[in-house]
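K.L.:
Sequence and predicted structure below; questions after.
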Amino acid sequence: MSEARRFGAYEVSVLVDGVYQAPIEHLSHATSQAAQDAAVAAWGKPTVDMDVNLFVLKGPDGISLVDAGTGPFWGPQLGLGREALAAAGIQPADVVRVLLTHLHGDHALGLFGETGRYFPNADVHAPKPDLDFFGNAALKATVPAYRSGGFDIAARLLATYGDRVKPVEEGPVLRGIEAIAMPGHTPGHFGYLIGEGDGRLLLWGDLVHVPSLQLADPDVCFIYDADPAAGAASRRSIFTRASREHWVASGGHVSGFMQVERAGDVWRFSPA
Ligand SMILES: [Zn+2]
């Protein structure tokens, strides 16, 4: 677990759940095959390795998580967030809520035990537009199989957590936590802005998978992005706000706490 940083009423730590290795073929581009080829050449390695993160927020009303990692369901290289929680002295029963950025396995599967809830006392706050989309089983046939996991997660989430699933709308969620829509990766993909005033923290889920490429070229995307053009537009919009408002940024696949800076027509990261 990273050293905790304070944002408003919350002490926030990053937990690394593991490293996910995506085949280079999964790297894509929202504009053209030529641009995709250039991004692949610029990366220059056969896999795109990325941290998978979850976040612990210690606040006045207890312990919250943003995202939940993979649990034991993606093999031994992942799911290490559970050990990290235990090492920090946090038991599953201590977690009062989990805020999900979207309904993908590396963010939501950690909610589940072998049977039932892994976090027996937690409410699960999930973006309403993702619940609406992935909760509609009739839509599953309209997306390719490799992007259909969200439907299984929505069904399992509702079956396991029942009325503890709380649909989140854009705007204030709790005092000091605001949901910001950033669609593209999924239809209802949200980030959570933590704290008050200057220097807030934006936990942006899967807005970015490969910072070293996507800050400089927001059109770089992944095949798991449901709507690549919308995802690129969300990146431009959020990078602009984050740099202007001096937000600290982190996310599902960002290492540590970063600052987004405008650099001419593009953006870059520096450690926050
Ligand atoms: Zn995702």
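P.N.:
Yes, it's here.
K.L.:
Can you name the residues of the stretch 51-200 of the chain that neighbour the ion?
P.N.:
Residues of the stretch 51-200 of the chain that fall close to the ion, judged by CB under 5 Å from the ion: His104. Where you see a C-beta, it was placed from the backbone N, CA and C, and this is true even at glycine.
K.L.:
And the residue of the stretch 51-200 of the chain closest to the ion?
P.N.:
The stretch 51-200 of the chain approaches the ion most closely through His104 (3.4 Å), counting by CB to the ion.
K.L.:
isn't that residue right up against Gly150?
P.N.:
Yes: contact criterion CB atoms under 8 Å: His104 and Gly150 qualify, at 6.2 Å.
K.L.:
what touches both of these two?
P.N.:
When contacts are counted by CB atoms under 8 Å, 6 or more residues apart in numbering, His104 and Gly150 have Thr186 as shared neighbours.
K.L.:
Tell me which helix or strand Phe239 sits in.
P.N.:
Per DSSP states H and E: Phe239 is located in helix 228-244.
K.L.:
in that helix, what counts as buried?
P.N.:
Under the neighbour-count criterion of 16 or more other CB atoms under 10 Å, helix 228-244 has 228, 230-235, 238-239, 242-243 buried.
K.L.:
helices or strands next to it in the packing?
P.N.:
In terms of contacts (3 or more CB pairs under 8 Å, 6 or more residues apart in numbering; DSSP states H and E), helix 228-244 is packed against strand 220-222, strand 258-263.
K.L.:
and with 6 Å instead?
P.N.:
Counting contacts by 3 or more CB pairs under 6 Å, 6 or more residues apart in numbering; DSSP states H and E, helix 228-244 is packed against strand 258-263.
K.L.:
Residues in contact with the strand it packs on: which ones?
P.N.:
Strand 258-263 has contacts (CB atoms under 6 Å, 6 or more residues apart in numbering) with 239, 242-243, 249, 267-270, 272.
K.L.:
residue ranges for the helices of the chain, please.
P.N.:
For the chain, the helices defined by DSSP state H occupy 33-43, 81-87, 105-108, 128-134, 149-161, 211-214, 228-244.
K.L.:
Please tabulate these in JSON lines, including the columns mean pLDDT.
P.N.:
Putting those into JSON lines (pLDDT from 0 to 100) gives the following:
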{"stretch": "helix 33-43", "mean pLDDT": "95"}
{"stretch": "helix 81-87", "mean pLDDT": "96"}
{"stretch": "helix 105-108", "mean pLDDT": "97"}
{"stretch": "helix 128-134", "mean pLDDT": "98"}
{"stretch": "helix 149-161", "mean pLDDT": "97"}
{"stretch": "helix 211-214", "mean pLDDT": "94"}
{"stretch": "helix 228-244", "mean pLDDT": "97"}
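K.L.:
Can you tell me which of those helices is nearest to His185?
P.N.:
Across those, His185 has its closest neighbour in helix 228-244 (5.4 Å, CB to CB).
K.L.:
Among the buried residues of helix 228-244, give me the pair with the biggest separation.
P.N.:
Largest pairwise distance in the buried residues of helix 228-244, by CB to CB, is 22.5 Å, between Pro228 and Ser243.
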